[in-house]
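Enquirer: My questions are about this predicted structure, shown below with the sequence.
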Amino acid sequence: VTKIAFEVPSGGATVALRIYDVSGRLVRTLVDGYEPAGTRSVSWYGRDDQGRPVASGIYHYELTAPSFSERKKMVLLK
């Protein structure tokens with residue numbers, strides 16, 4: 001399990017949190033919609049959008065919101 005924490009600014013925002021493999025293919029969408037202000041934590045259990053387990057390896061997660069975008073790398077080990 002990987003936990004990804006992020007902060008939503010006051011007033012809330014439309015947020016998207018997506019997982020991509022190293023080739024840039026979308027693996028999983030964890031959040032996609034309005035989130036109220038505050039700290040959020042989302043868990044990823046190493047599964048794709050169809051619920052199938054994904055292989056060990058390097059993945060990227062991207063957090064986007066109006067006027068904000070950040071991409072970070074993570075390693076999934078089984």
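Expert: The structure has been received and is ready for your questions.
Enquirer: Figure out the helix or strand that Leu17 lives in.
Expert: Secondary structure assignment for Leu17, by DSSP states H and E: strand 13-21.
Enquirer: Tell me the neighbouring strands of the helix or strand just after that strand, and mark each as parallel or antiparallel.
Expert: Per DSSP H and E, the first helix or strand lying C-terminal to strand 13-21 is strand 26-35. Applying DSSP bridges, strand 26-35 is found paired with strand 13-21 (antiparallel).
Enquirer: got a list of contacts for the strand it pairs with?
Expert: Contacting residues not belonging to strand 13-21 are listed as 4, 6, 8, 26-35, 40, 42, 44, 54, 57, 59-66 [C-beta atoms under 8 Å, 6 or more residues apart in numbering]. The C-beta positions use only the backbone N, C-alpha and C, and glycine is treated the same way.
Enquirer: Pull out the buried residues from the residues you listed.
Expert: Among these, those classed as buried by 16 or more other C-beta atoms under 10 Å are 4, 6, 8, 27-28, 30-31, 35, 40, 44, 54, 59, 61, 63-65.
Enquirer: which residue packs closest to the residue of the chain most remote from its centre, ignoring adjacent ones?
Expert: Counting by C-alpha atoms, centre = their mean, the extreme residue of the chain relative to its mean C-alpha position is Gly11, 21.1 Å from that point. Nearest residue to Gly11, sequence neighbours excluded (C-beta to C-beta, 6 or more residues apart in numbering): Ala37, at 6.1 Å.
Enquirer: try Trp44
Expert: Thr2 (4.7 Å).
Enquirer: Compute the distance between the residue lying closest to Ser56 once chain neighbours are set aside and Tyr34, please.
Expert: Nearest residue to Ser56, sequence neighbours excluded (C-beta to C-beta, 6+ apart): Lys78, at 4.9 Å. In this view, Lys78 and Tyr34 are 34 Å apart by C-beta to C-beta, to the nearest Å.
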